[in-house]
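Student: I'd like to go over a predicted model; first the sequence, then the structure.
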Amino acid sequence: MLFLGDKAKVEFRFEDYSEKADYLKAVDGIEYRQERTNMTGGFKVMRQEVFGKDDEQTNDMHVVLLITDGVPTEDVDKLHNEVQAVKNMGIRVVGLGVTKLVCLFGEINC
């Protein structure tokens, strides 16, 4: 599980939990930090730390759920390249916007 805000970082990993109740408790513990929307950093951390280079060689399907509350605000000029790198790894991104302020990847300048 990756959290953005000002700094993108891995908060916890799904494989750290074997029981559904423990996983749901961890998800319930997520706090909304009211920070900026660092999608570029999030994709980079996800690509390098969550999936890593070893996953480029696997045939496993990887799906990422991106939940966002707005438009990207950090390193926006680099976002397209990060999204392309994620796609090149065969990772499918499903986006879920939680406000009216959501910007689509293809419309970075919205």
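Tutor: Looks like it came in fine.
Student: what comes up buried for the longest helix seen in the chain?
Tutor: Longest helix in the chain by number of residues (criterion: DSSP state H): helix 76-88. Buried positions in helix 76-88, judged by neighbour count with 16 or more other C-beta atoms under 10 Å: Val76, Leu79, Glu82, Val83, Val86. The C-beta positions use only the backbone N, C-alpha and C, and glycine is treated the same way.
Student: Just name the closest of these to Thr37, please.
Tutor: Val76 (9.6 Å; C-beta to C-beta).
Student: just to revisit the earlier point, okay if I get the buried residues of helix 76-88 as CSV plus distance to Gly29 and pLDDT?
Tutor: Output for these, formatted as CSV (distance: C-beta to C-beta, whole Å; pLDDT from 0 to 100):
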residue, distance to Gly29, pLDDT
Val76, 30, 89
Leu79, 28, 91
Glu82, 27, 92
Val83, 29, 90
Val86, 26, 90
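Student: Go ahead and list the helix or strand containing the closest residue in space to Leu66 that isn't next to it in sequence.
Tutor: Distance criterion C-beta to C-beta, 6 or more residues apart in numbering; nearest residue to Leu66, sequence neighbours excluded, is Gly95 at 4.7 Å. Take DSSP states H and E as the rule and Gly95 turns out to sit in strand 91-97.
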